[in-house]
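Participant: Fold the following for me, if possible:
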Amino acid sequence: MKRVLKFLLAHKYTLYVLSVVFTVWVVVYLNTLSIPIIQQWDEARNAINTQEMLQNGHWLVRYFEGQPETWELKPPFLIWTQCLSTGVLGMTEFGIRFPSALAALGIAIITMLFLVQEGIKPITAAICATLTITFPAALHPHGFLFGDHDALLCFFQALMLVSQYRFFKTGKSFWVWIAALAFLLGWLTKSIAVCFVLPGIFMMGIIDAEYRKRLFSVKQIAAYSAALTIITAYYLARNHYQPGYTDLVNQEEWLGRFAQHPDANNDIFYYLKGFYKERLHGFVFPALLAFCWSLYRWKKQSFSAMGCMIILFTLPIISMSQSKNFWYDLPLLFPIALCMARLLNDLFHYSDQKLPKSSLIIGALLILIITKNAVRMVGSHDHSKNLNKKEITIQYLKTNRFSTTEKYGVYCNAFNTDIRFYLNNLNRKGYNFSIAEPGNHPDDFSTIIMAKEDEASWKSQRNISGTESKLIVLGR
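Facilitator: Next comes the predicted model:
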């Protein structure tokens with residue numbers, strides 16, 4: 001206890017500002033995880049993979065509608081965390097999204113502690129840690145708030161970069177093994193995407209003689225070889241239980257996605273334009289200034305040099321890729337925050353010379369402004385006052401009682417993976433729900449549920465004789 005108290009007293013200021021970061025995370029993230037509905041694309045697919053993994057007990061292979069997954073080909077680490085989360089918190093939006101929110105907190109803590117250890121003012125570290133999880137890109141759909149792969153991926157990338165940097169600086173085996181573990185778990189989360197940041201850290205190791213020795217050391221090679229061995233074993237095992245899996249991965253997840261793609265996007269300024277228009281809305285010019293300032297204050301054995309290297313080598317990789325999605329820029333948020341830490345720290349040092357402790361006041365105001373904007377942004381995800389047809393249908397499914405003796409069909413003229421998630425929840429309770437199609441026989445369902453917007457579409461596609469199922473049309 002004496003040692004603990006001594007540590008707490010020695011680091012009390014750091015702990016104070018760390019508690020501020022935690023408070024921001026609670027305000028921005030925990031209050032918004034329950035926002036309906038599950039997003040219809042990746043989040044819904046992941047959620048159904050989670051439901052089916054818990055049901056069938058196949059922990060190596062992801063399943064969708066009772067069959068091995070052939071669309072979402074990524075390894076299952078995210079699904080494992082969602083299985084654990086929903087097992088404790090329930091099969092809800094909150095349970096599906098909590099692992100992503102926890103990963104976001106991890107990113108902020110890593111940023112905070114890393115910068116403090118690098119001699120950065122705790123208030124500066126707190127601002128930059130807050131930024132990593134409140135940049136507009138992090139709070140947009142398919143960001144850190146939702147049940148997608150990207151929050152976990154970015155957490156493991158940040159851990160890998162920090163640990164690799166520490167290994168370069170100290171040469172201690174502990175750090176390179178932590179880096180290799182983060183690389184392994186990042187790969188098991190989102191496959192080859194974990195490698196986007198590796199060229200930057202590799203170049204940082206190349207340009208310094210001391211780092212170069214450690215980059216090609218036996219410790220480094222052994223740690224990453226162990227990680228690659230486990231990754232290879234996973235793919236072989238999954239291909240055994242899902243024959244043809246490695247061929248699908250090669251076509252869709254690895255070289256096929258990045259070297260050649262049927263829907264190729266050749267706009268090399270795609271991500272830069274995204275940053276300017278919305279992904280870094282309000283932070284574009286500070287981020288650009290911070291990057292330029294970090295280059296001006298260049299020191300090759302510094303955290304800001306690592307941030308510059310990651311940006312300089314990751315941005316071209318994703319920009320020249322044939323496949324482009326707006327969320328591919330999320331790994332750049334951590335290195336951008338490192339560059340901003342260099343700029344803010346120098347500004348605060350200067351201001352404190354003119355007016356002592358002014359950095360505390362300015363820093364507190366910045367965190368309040370950043371948090372206020374983040375809360376406003378996440379509030380835009382709540383459509384409770386203006387529900388679309390899917391949200392109307394899902395709200396009805398979540399709030400009404402049903403009979404266990406009837407067969408229910410839910411019709412929605414759209415992509416319905418999100419609705420399937422809620423129907424699976426109802427079926428686990430003993431009901432009989434499924435997606436209704438216009439070609440179904442009248443005897444397939446006793447009751448059809450749909451939103452008013454889809455009623456005309458349903459009736460125009462039906463060509464039946466005899467008794468029609470009972471229709472419940474919502475929103476009339």
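Participant: how's the chain carved up into domains?
Facilitator: Using automatic domain parsing, the domain ranges for the chain come out as 2-379, 389-474.
Participant: what about the helices in the stretch 301-450 of the chain?
Facilitator: For the stretch 301-450 of the chain, the helices defined by DSSP state H, counting those that start in this stretch cover 303-320, 333-354, 358-379, 389-399, 417-428.
Participant: Output those as CSV; include the columns mean pLDDT.
Facilitator: As requested, the helices of the stretch 301-450 of the chain are exported to CSV (pLDDT from 0 to 100):
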stretch, mean pLDDT
helix 303-320, 93
helix 333-354, 94
helix 358-379, 92
helix 389-399, 89
helix 417-428, 94
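Participant: so which of those helices gets nearest Q461?
Facilitator: Q461 lies closest to helix 389-399 among the helices of the stretch 301-450 of the chain, at 16.3 Å (CB to CB). Any C-beta I mention is one placed from the backbone N, CA and C, and that applies to glycine too.
Participant: could you give the angle of that closest one to helix 417-428?
Facilitator: Angle, helix 389-399 to helix 417-428, by axes from the mean of the first three to the mean of the last three CA atoms, to 10 degrees: 10 degrees.
Participant: and helix 389-399, which residues are buried?
Facilitator: Neighbour counts over helix 389-399 (16 or more other CB atoms under 10 Å) mark 389-397 as buried.
Participant: Could you do stretch 63-74 as well?
Facilitator: Here stretch 63-74 shows 63-64, 68-69, 72-74 as buried, counting by 16+ other CB under 10 Å.
Participant: Okay, now the unreliable bits of this protein?
Facilitator: By pLDDT under 70, the weakly predicted segments of the chain are 4-11, 255-264, 464-467, 476.
Participant: Just give the nearest non-adjacent residue to K390, would you?
Facilitator: C412 (6.1 Å; CB to CB, 6 or more residues apart in numbering).
Participant: tell me the phi and psi of that neighbour?
Facilitator: In terms of degrees, to the nearest 10, the main-chain angles of C412 are phi -150, psi 120.
Participant: That one is in contact with I449, isn't it?
Facilitator: No - with contacts defined as CB atoms under 8 Å, C412 does not count as touching I449, sitting 9.3 Å away.
Participant: Identify the contacts common to those two.
Facilitator: T393 (CB atoms under 8 Å, 6 or more residues apart in numbering).
Participant: coming back round to it: which of the buried residues of stretch 63-74 fall in strands?
Facilitator: 63-64, 68 (DSSP state E).
Participant: Minimum distance to G87: which of the helices of the stretch 301-450 of the chain has it?
Facilitator: G87 lies closest, by CB to CB, to one member of those: helix 417-428, at 13.0 Å.
Participant: Report all helices and strands that that closest one contacts.
Facilitator: Counting contacts by 3 or more CB pairs under 8 Å, 6 or more residues apart in numbering; DSSP states H and E, helix 417-428 is packed against helix 42-56, helix 389-399, strand 433-435.
Participant: Could you rerun that using 10 Å?
Facilitator: Judged by 3 or more CB pairs under 10 Å, 6 or more residues apart in numbering; DSSP states H and E, helix 417-428 is in contact with helix 42-56, helix 389-399, strand 408-410, strand 433-435.
Participant: Quick one: the ones you listed as TSV, columns for distance to R238 too.
Facilitator: Supplementary listing: these in TSV, determined by distance: least, CB to CB, whole Å:
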stretch	distance to R238
helix 42-56	13
helix 389-399	32
strand 408-410	32
strand 433-435	28
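Participant: which stretch among those comes nearest N424?
Facilitator: Evaluated with CB to CB, those place helix 42-56 nearest to N424, the distance being 5.0 Å.
Participant: which parts of that closest one are buried?
Facilitator: For helix 42-56, the neighbour count (16+ other CB under 10 Å) marks 42-54 as buried.
Participant: again, but for stretch 121-141
Facilitator: Quick answer for stretch 121-141 (16+ other CB under 10 Å): 121-140.
Participant: quick one on the thing from earlier: dump the ones in strands among the buried residues of stretch 63-74 to TSV, plus distance to R428.
Facilitator: Below are those laid out as TSV (distance: CB to CB, whole Å):
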residue	distance to R428
Y63	15
F64	16
P68	21
